[in-house]
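A.B. asks: Give me the fold of what follows.
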Amino acid sequence: MIRTKYRNFMPFFERDGLFWGLFVAFFLVLSCDGSSVDEDPNIHKKGDPHLRAEDSAKKKDTEDIEETDNNKDTGQKTAQREGKKNTDQKKVVLLLLGDSLTFGFMLGQPAKHAYPAIARNLLSAKGHSITLINDPSDPFNLFQQDRVKNYVEAVESHDITLINASAPAVRAEHGVSALLAARALYEEIQITHVLLALGANEGLKRVSVSKVRSDIDNMIREVKSLGMEPLLGGMKMFPPERFPQYQEYTPDFDAMFPDLSNKYDIPLWDFILKDVALKNEYNLVDGIHPNIEGHKIIGRYFASFLQKHLLKPI
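C.D. replies: Residues are numbered from 1 along each chain as shown. Below is the predicted model of the structure:
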């Protein structure tokens, strides 16, 4: 029996019989490690998880790099060492709506090892003022009014905030409902962008491409209607030469994401699983979900995507 606290989130899970029932139950057992909302290690302080604390090792590395760069203005170097914001950077609050790939399924500690955390660490090391908010024990907690108020200070004290509200088994058809459920979040915090990284679960089951396209199209329009800017996380299906059953499905599915990106003129992260998909060394035993090494690769590509489309150079 799934615990009561998860029932509110179940509408966003796929419930297709025994297989998905066991899937969700297995995920909950693995993810419920007693942890609270994931905290950026650079902003953790006892008594208030959203106050920034200096990491002495990273600070030293940053200082060493800055001291060797004689072309940098002294005042700029001092500001970076003190953790001050990049004054050229507009505030970015990015809500991540994805499935198990963005959640970090079966990683043990997804809050630390999933690709959003990898990207956060990489961008922080480059001097960006960035934090990550998530709760892998129950992503629905992110939408609760009492929790949302705790995030405000973290958001206000950083240039870039990533809020990972992804969960296993979520489909594109659940996206609009998830946005509506997140009302408490975006009424309290000014979310500027939403990454839509859904559609993979439908692709695995070869759900009609026209249906998936329509669901993602609805999400894009809903995000725009709320005054936020959508970003699209692209996915590609199995190559037909290796999986003949996808001979007719894969070409249409793969073309869907570029088509939607062009239709709405929105940034496209071409393929979330680039250099990871179908490579045993970067995936779990199921051959579908990335392992920790796979998420490191995805995190590097995600950081580059954010730098290209949302971040100002330092």
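
A.B. asks: in stretch 300-307, what counts as buried?
C.D. replies: Y301, F302, A303, F305, L306, Q307 (16 or more other Cβ atoms under 10 Å). In short, each C-beta sits where N, CA and C put it, glycine included.

A.B. asks: can you check stretch 125-133 too?
C.D. replies: For stretch 125-133, the buried set under the neighbour-count rule, 16+ other Cβ under 10 Å, comprises G127, H128, S129, I130, T131, L132, I133.

A.B. asks: Closest one of the buried residues of stretch 300-307 to H113?
C.D. replies: Comparing those against H113 with Cβ to Cβ places F302 closest, at 13.5 Å.

A.B. asks: ok, the closest one touching W269?
C.D. replies: Yes. Using Cβ atoms under 8 Å, F302 is in contact with W269, at 7.2 Å.

A.B. asks: in a helix, that's where N201 is, yeah?
C.D. replies: Yes. Assessed by DSSP: H, G, I helix; E, B strand; the rest coil, N201 belongs to a helix.

A.B. asks: ok, and the closest non-adjacent residue to it?
C.D. replies: In space, and not counting its chain neighbours, N201 is closest to R171: 5.1 Å by Cβ to Cβ, 6 or more residues apart in numbering.

A.B. asks: Show the pLDDT at that neighbour.
C.D. replies: The score at R171 is 94. That number is its pLDDT.

A.B. asks: which is the next helix or strand following the helix or strand of the chain with the lowest mean pLDDT?
C.D. replies: In the chain, the helix or strand scored least confidently by mean pLDDT, DSSP states H and E is helix 74-81, which has a mean of 38. Counting by DSSP states H and E, the next helix or strand C-terminal to helix 74-81 is strand 92-98.

A.B. asks: Would you indicate which residues of that following strand are buried?
C.D. replies: V92, V93, L94, L95, L96, L97, G98.

A.B. asks: what about G199, how many neighbours?
C.D. replies: Per other Cβ atoms under 10 Å, the neighbour tally for G199 reads 30.

A.B. asks: tell me the contacts of it?
C.D. replies: Shown in contact with G199 (Cβ atoms under 8 Å, 6 or more residues apart in numbering): R171, A172, V212, D215, I216, M235, M256, F257.

A.B. asks: pLDDT at it, what is it?
C.D. replies: G199 is assigned a pLDDT of 97 by the prediction.

A.B. asks: Geometric centre of the chain: which residue is closest?
C.D. replies: L96 (4.2 Å; Cα atoms, centre = their mean).

A.B. asks: Low-confidence bits of the stretch 51-200 of the chain, can you list those?
C.D. replies: Across the stretch 51-200 of the chain, the ranges flagged by pLDDT under 70 are 51-87.

A.B. asks: mind listing the helices for it?
C.D. replies: 56-67, 74-81, 100-103, 110-113, 115-125, 145-156, 175-181, 183-188, 200-204 (DSSP state H, counting those that start in this stretch).

A.B. asks: could you dump these to CSV with distance to L273?
C.D. replies: CSV is the format used below for the helices of the stretch 51-200 of the chain (distance: least, Cβ to Cβ, whole Å):
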stretch, distance to L273
helix 56-67, 29
helix 74-81, 34
helix 100-103, 7
helix 110-113, 16
helix 115-125, 10
helix 145-156, 29
helix 175-181, 19
helix 183-188, 27
helix 200-204, 9
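
A.B. asks: closest one to V223 among those?
C.D. replies: Comparing the helices of the stretch 51-200 of the chain under Cβ to Cβ, the one sitting nearest is helix 175-181, at 6.9 Å.

A.B. asks: packing partners for that closest one?
C.D. replies: strand 92-98, helix 209-225 (3 or more Cβ pairs under 8 Å, 6 or more residues apart in numbering; DSSP states H and E).

A.B. asks: how about a cut-off of 7 Å?
C.D. replies: helix 209-225 (3 or more Cβ pairs under 7 Å, 6 or more residues apart in numbering; DSSP states H and E).

A.B. asks: That'll do, ta.
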